[in-house]
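Visitor: Kindly return the folded structure for what I paste below:
(chains A, B and C)
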Amino acid sequence: MGEIVPFQDLNLTPVPAVGNGTAASTTGILKVPKIEPKLEPLDEGPIDAQPLQEQDDAYFQDPAPLNFYSDPQNTSLPQSAIVSAEQDNVYSEYNRISEIFRAAFAKRLEFGDDVTALDPDAGAIVPVNTENEVAPILVPRAQRKYAKRSSELVRVTDLQIEDKRYFREMVRSTRLLFDSFRVFAVAEEQKRLSAMGPYFRKPRGDLLAASVMRDRGLWINRDKRIVGSIPGIEIGDVFFFRMELCVLGMHGQAQAGIDYLPGSQSSNGQPIATSIIVSGGYEDDEDAGDEITYTGHGGQDKFGKHCVHQKLEGGNLAMERSMHYGIEVRVIRGFKYEGSISSKIYVYDGLYKIHHYWFDMGKSGFGVYKFKLSRIEGQEEMGSAILKFAGSLRARPLSVRPTGYIHLDISNRKEIVPVMVFNDIDNFGDPLYHEYLPKTVFPPHLCNSGGSGTGCECVSGCVDGCFCAMKNGGEFAYDQNGFLVRGKPLIFECGRFCKCPPSCRNRVSQRGLRNRMEVFRSRQTGWGVRSLDLIHAGSFVCEYTGVVLTREQAEIFAMSGDTLIYPSRFSNRWTEWGDLSRIYPDYVCPTYPALPPLDFAMDVSRMRNVACYMSHSTTPNVMVQFVLYDHNNLMFPHLMIFATENIPPLREISLDYGVADEVTGKLAICN
DNA sequence: GATAAGTCATGGCA
DNA sequence: CTGCCATGACTTAT
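Guide: Okay, here's the model as predicted:
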């Protein structure tokens, strides 16, 4: 080994604070006057009288099936919907937008294509706006020119709170784009492939999204090689693809488990490891959470069997050098996760230090390098530990948390999965005193407008181009997995006059809650909501229910001081989900059908559902999307809540309730 | 579970 | 110093 340059000579300088606080103007999760009902102590409430008991039946024990499309036997859904085709003309705008996307994808350049139409000054991708010409989505591989990964090794320290918000928002929007584009790209690529003939392999949305985003220069954290935590990424954040980690600068290797700055790029010629992925791919690994014995890479054949001794080179050498300099590494754990959209999930578990390493005989009889890592103290709880905890909580809530639960299902089996109530802070228990309302109640005349209507004829489920697809502008709002492709002013799901079964892909939000929820008491937000299941970005979470009041009724109610929800005041966060303007410069956010002013309010004072307890945030992880299915009045849509981020179990769900009223200074949600 | 298609960064070489 | 290309890697989906 050559001469060792001491740690302080390494070019490890803190990055100056970047954020200026303008990216996010207000705080994260706030204490707001959401629905603050009259909180009553539980002195003579039902809780003490009826101690909770662990429930063993399927309703409490079975995990919610994520792929509900494989359940055509489920006929419990109401077939009460009236949908007519009268709006067909207003969807021409949708059709036009869809055509742009389809054409863009169809015109993907292949290797060797002529690229003279591309403008070299505008980066890799250029829209060609002549008639009938659209931008290609991918530049031919041979033509791609990417900015190199930086070799400047830095550690980011002392971020101010506004800097943290800035970076969190940057990460959030990047992930949002990755997720929504991934969903979209798979759907479009499938259309393109099927137009060319039969195909056998589902396209990989992770690769498509990452590749297109790289073309557009949308990968982040490439201008610095960051040691330690990545600003904007928190312990416990969950990822579904290795490429997503590359896009975020978390871990730059598409497959390799050790990411490092090679010695050839390092200021002192020494390689430095920055992150590792622990996912059980090496038989000699031992993972005890805080302590890891990590096996170096190499020595395996293509089937994953060791066949030669490992060498102290590449990532292995970088690990040894990081140990020598006392440099921390990020640890990301990979799991198999039942019901996930991808085969594995990846969880950021925080920073570890390498304490020693040795050369050892592996179980295969070939030599391997082993590294002993231990977690740096004082960090947030490990994300992987929370995932495991949530898993046991789903099965045996009262054994895992003997105190705190005051109800195991406030829905009283009105939902498909339980909604529990947890309070280990005080003795308030008002969620127990409201009737649970699984679906919004509309004025009777809306849903009973005669026995005739129009709908699709898809007896075995809706297909591309069917009547209901056309009503949504020629494309369904949801992909084959039930994920929202992009937000729209309004979505038409199939309804009563459709011939399709309840399992139809166009009936996502009317199926109700799919994730086991917990209403919990919090010192910061009063009541809050968290899920025991991992929620995928783009998936339906729940409806925001209440009893619909017309304006006249609402005025009377408001005078009497009841709590009302005004749907028109929810901020238009749906425009962010699927906003591809950073990929398609001429992207137009869907604007049709133009909704009339939503001139109604919802009373949630007596009857409500789990959504009512969600906290407000200006950096929310869910949003409201308007949906129609059981009647046809554009003025009275359902308020459906969809996830805009991957929400790990037990992380608080937050919603943007809209801006504060300028006159009263109150947040808009309450009157 | 074997296999095929796909990607990245690295490192050697011209 | 740059560009090219082979290589290895705890992937992902069928």
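Visitor: got a list of what the residue of the stretch 101-250 of chain A found nearest DNA strand B touches?
Guide: For the stretch 101-250 of chain A and DNA strand B, the shortest gap (CB to the nearest atom of the strand) falls at residue A:207, measuring 4.1 Å. (Each C-beta comes from the backbone N, C-alpha and C, glycine too.) Counting by CB atoms under 8 Å, 6 or more residues apart in numbering, residue A:207 touches residue A:243.
Visitor: Just give me how far the lengthiest strand in chain A sits from the chain centre.
Guide: Counting residues, the longest strand found in chain A (DSSP state E) is strand A:344-361. For strand A:344-361, the separation from the chain centroid amounts to 26 Å (computed by CA atoms, centre = their mean, to the nearest Å).
Visitor: Paired strands for whichever helix or strand comes after that strand, with orientation please.
Guide: Sequence-wise, the next helix or strand downstream of strand A:344-361 (DSSP states H and E) is strand A:367-375. When pairing is defined by DSSP bridges, strand A:367-375 lines up against strand A:291-295 (antiparallel), strand A:344-361 (antiparallel).
Visitor: Give me the residues contacting strand A:367-375.
Guide: Counting by CB under 8 Å, 6+ apart, residues outside strand A:367-375 touching it are A:282, A:284, A:289-296, A:299, A:306, A:309-310, A:312, A:316, A:319-320, A:323, A:329, A:331, A:349-362, A:382.
Visitor: what do you get for stretch A:316-326?
Guide: For stretch A:316-326, contacts defined as CB under 8 Å, 6+ apart pick out A:4, A:6-7, A:10, A:258, A:260-263, A:270-274, A:276, A:294, A:296-298, A:310, A:312, A:328-329, A:353-357, A:369, A:371.
Visitor: how about low-confidence regions in chain A?
Guide: A:1-50, A:62-146, A:302, A:447-453, A:560-562, A:592, A:659-671 (pLDDT under 70).
Visitor: tell me the SS of residue A:605?
Guide: Secondary structure, DSSP: H, G, I helix; E, B strand; the rest coil: residue A:605 is coil.
Visitor: my guess is it meets residue A:563, correct?
Guide: Yes - between residue A:605 and residue A:563 there is a contact at 4.9 Å, judged by CB atoms under 8 Å.
Visitor: Please say which of these two ends up with more neighbours.
Guide: Set residue A:605 next to residue A:563 and count neighbours by other CB atoms under 10 Å: residue A:563 wins out with 24 against 18.
Visitor: Next, work out how far apart that one and residue A:547 are.
Guide: From residue A:563 across to residue A:547, the span is 11 Å (CB to CB, to the nearest Å).
Visitor: hmm, back to that, any bit of the helix or strand the residue of the stretch 101-250 of chain A closest to DNA strand B falls within sitting next to DNA strand C?
Guide: In this structure, residue A:207 sits in helix A:205-215 according to DSSP H and E. Yes - using CB under 7 Å from any atom of the strand, helix A:205-215 comes into contact with DNA strand C via A:205-206.
Visitor: try stretch A:339-354
Guide: Yes - applying CB under 7 Å from any atom of the strand, one finds that stretch A:339-354 is in contact with DNA strand C at A:341-344.
Visitor: Selecting buried members of the residues you listed in PyMOL, what would you type?
Guide: Filtering the residues of stretch A:339-354 next to DNA strand C down to the buried ones (16 or more other CB atoms under 10 Å) takes a single PyMOL command:
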select buried, chain A and resi 341+342+344
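Visitor: List just the nearest of the residues of stretch A:339-354 next to DNA strand C to DNA strand B.
Guide: residue A:343 (8.9 Å).
Visitor: who are the neighbours in contact with the closest one?
Guide: Counting by CB under 8 Å, 6+ apart, residue A:343 has contacts residue A:336.
Visitor: Pull up the gap between it and residue A:648, please.
Guide: Between residue A:343 and residue A:648 the computed distance is 18 Å (CB to CB).
Visitor: Need phi/psi at the closest residue to DNA strand B within the stretch 301-450 of chain A.
Guide: Of all residues in the stretch 301-450 of chain A, the one sitting closest to DNA strand B is residue A:314 (4.8 Å; CB to the nearest atom of the strand). Main-chain torsions, residue A:314, degrees, to the nearest 10: phi 60, psi -130.
Visitor: Show me how far stretch A:147-162 is from its chain's centre.
Guide: Taking mean C-alpha positions (CA atoms, centre = their mean), stretch A:147-162 and its chain are 25 Å apart.
Visitor: End to end on it, go ahead and measure it.
Guide: Start-to-end span of stretch A:147-162 (CA to CA, to the nearest Å) is 28 Å.
Visitor: next one: stretch A:240-259
Guide: 18 Å.
Visitor: on that earlier part again, overlap in contacts, residue A:563 and residue A:547.
Guide: By CB under 8 Å, 6+ apart, the residues touching both residue A:563 and residue A:547 are A:603-604.
Visitor: Does residue A:387 touch residue A:534 like I think?
Guide: Yes - Residue A:387 lies in contact with residue A:534 (CB under 8 Å); the separation is 7.3 Å.
Visitor: Looking at these two, which has the bigger crowd around it?
Guide: residue A:534 (25 against 20).
Visitor: how much space is there between the residue lying closest to the more buried one once chain neighbours are set aside and residue A:478?
Guide: Using CB to CB, 6 or more residues apart in numbering and skipping the chain neighbours, the partner closest in space to residue A:534 is residue A:649 (5.6 Å). Noted for residue A:649: a distance of 23 Å to residue A:478, by CB to CB.
Visitor: Let me know how buried the closest residue to residue A:306 other than its chain neighbours is, in neighbour terms.
Guide: Excluding the flanking residues, the one nearest residue A:306 by CB to CB, 6+ apart is residue A:364, at 3.7 Å. By other CB under 10 Å, the residues close to residue A:364 number 14.
Visitor: Pull the contacting residues for residue A:364.
Guide: Residue A:364 is in contact with A:283, A:305-307, counting by CB under 8 Å, 6+ apart.
Visitor: Please convert those to a markdown table, extending it with distance to residue A:438.
Guide: Output for the contacts of residue A:364, formatted as a markdown table (distance: CB to CB, whole Å):
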| residue | distance to residue A:438 |
| --- | --- |
| A:283 | 48 |
| A:305 | 53 |
| A:306 | 55 |
| A:307 | 58 |
